[in-house]
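Participant: okay, predicted coordinates and the sequence, questions at the end:
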Amino acid sequence: MKIADLITWFEAWANPAWCESWDNCGWQIEPGILQEKARVLVCLTPTLAVMQEAIAENANLIFAHHPLIFNPLKSLRTGEAIAEMVRLAFTHKIGIYSAHTNFDQVHDGTADVLAQILELKEVTPIVPTQGGLGYGRVGLLEPFLTLQELLATIQTRLAPPNLIFSPSADLQQTISRVAVLGGSGAGYISAVAKTGAEAYLTSDCKFHQFQESRDRNIILIDAGHYATERPACDRLVQKFQSLNLDWVQLSQKDEDFRQFFA
């Protein structure tokens, strides 16, 4: 499959027109590769380490969830990471394409994959957008779990380096309804409260957002940005493999930009 055909297929599924106004979905760098056979390296975040991996693997497309370029560039200078990415992309003819808020909304996107990992039933979006799609997912646990069992399940299945949750008087309380949203989802706490969810799995939560959740009787669970979104990248690789591409692989150089001192 040619890269142009792959992008056409993807955009029919996750329309870049759904991208939020502050976001930057679609081509980040396209160095004249549309008619090449697709050799795709999928990653969460396009970094220099991922670019070097793509060069080593003879890939011609880095397909990323996070955009390389969020804000309009004022300059490109030697020694800057984005400038180096641009130089290497054109030198080695490696495109960079990002699917961000459009990929968050779709079936088998970031939120859906989290819901599937927790085996939620009767799943609906936290915030609907169009056609049954939307941001986040909320559904039922079957069977119900205690909070301790839910936290242990998240730790086992997502393997976050650090798992933070709201203070709770009873780890043995029963949890039946859970909301999930991969990446930075603390801004959706008010919407989650309207769904009746008892627990909310997301990431990048601040101190007072834990307070807000407690005051709304929601157990806020922060598993980290990388752990909550990386599984959707793996699912995307599986979808691409079904298209019989020349080569596709999940990046082994993707990074969680946080470390925790033991």
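Facilitator: Cool, got the structure.
Participant: element containing residue 70, please.
Facilitator: Assigned by DSSP states H and E, residue 70 belongs to neither a helix nor a strand.
Participant: burial check on it, number of neighbours?
Facilitator: Counted by other C-beta atoms under 10 Å, the residues lying close to residue 70 total 12. Bear in mind the C-beta positions are built from the backbone N, C-alpha and C, glycine included.
Participant: what sits against the closest residue to it other than its chain neighbours?
Facilitator: Once flanking residues are discounted, residue 70 sits nearest to residue 24: 5.8 Å by C-beta to C-beta, 6 or more residues apart in numbering. The contact partners of residue 24, taken as C-beta atoms under 8 Å, 6 or more residues apart in numbering, are 67, 69-70, 98, 100.
Participant: let's see that with 7 Å instead.
Facilitator: 67, 69-70, 98 (C-beta atoms under 7 Å, 6 or more residues apart in numbering).
Participant: residue 260 now?
Facilitator: Residue 260 neighbours (C-beta under 7 Å, 6+ apart): 161-162.
Participant: what kind of secondary structure is it in?
Facilitator: Following DSSP: H, G, I helix; E, B strand; the rest coil, the label given to residue 260 is coil.
Participant: from residue 155, how far out is it?
Facilitator: 14 Å (C-beta to C-beta, to the nearest Å).
Participant: just to revisit the earlier point, how about the contacts of residue 24 in a markdown table, adding pLDDT and distance to residue 52?
Facilitator: A markdown table is the format used below for the contacts of residue 24 (pLDDT from 0 to 100; distance: C-beta to C-beta, whole Å):
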| residue | pLDDT | distance to residue 52 |
| --- | --- | --- |
| 67 | 98 | 19 |
| 69 | 96 | 19 |
| 70 | 91 | 22 |
| 98 | 98 | 19 |
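Participant: can you tell me which of those residues has the most neighbours?
Facilitator: Of the contacts of residue 24, with other C-beta under 10 Å as the count, residue 98 tops at 27 neighbours.
Participant: identify the bridge partners of that residue.
Facilitator: Beta-bridge partners recorded for residue 98 (DSSP bridges): residue 26, residue 64.
Participant: hmm, it is touching residue 29, no?
Facilitator: No - under the criterion of C-beta atoms under 7 Å, residue 98 makes no contact with residue 29, lying 10.0 Å away.
Participant: ok now stretch 176-194, how far from the chain's centre?
Facilitator: 15 Å (C-alpha atoms, centre = their mean, to the nearest Å).
Participant: and stretch 123-142, by the same measure?
Facilitator: With C-alpha atoms, centre = their mean, you get 16 Å for stretch 123-142.
Participant: now that stretch: mean pLDDT?
Facilitator: The pLDDT scores in stretch 123-142 average 96.
Participant: quick one: end-to-end length of it, please.
Facilitator: 12 Å (C-alpha to C-alpha, to the nearest Å).
Participant: quick one: buried residues of that stretch?
Facilitator: 123, 125-126, 133-139, 141 (16 or more other C-beta atoms under 10 Å).
Participant: centroid-nearest residue for the protein?
Facilitator: residue 229 (3.1 Å; C-alpha atoms, centre = their mean).
Participant: that residue contacts residue 65, correct?
Facilitator: Yes - using C-beta under 7 Å, residue 229 is in contact with residue 65, at 6.1 Å.
Participant: common neighbours of those two, please.
Facilitator: Counting by C-beta under 7 Å, 6+ apart, the residues touching both residue 229 and residue 65 are residue 44.
Participant: three-state assignment of residue 183?
Facilitator: strand.
Participant: follow-up on the earlier one: so which of the buried residues of stretch 123-142 are in strands?
Facilitator: Within those, residues falling in strands by DSSP state E are 123, 134-135, 137-139, 141.
Participant: mind putting these into CSV with distance to residue 50?
Facilitator: Formatted as CSV, those follow (distance: C-beta to C-beta, whole Å):
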residue, distance to residue 50
123, 31
134, 29
135, 26
137, 28
138, 32
139, 33
141, 35
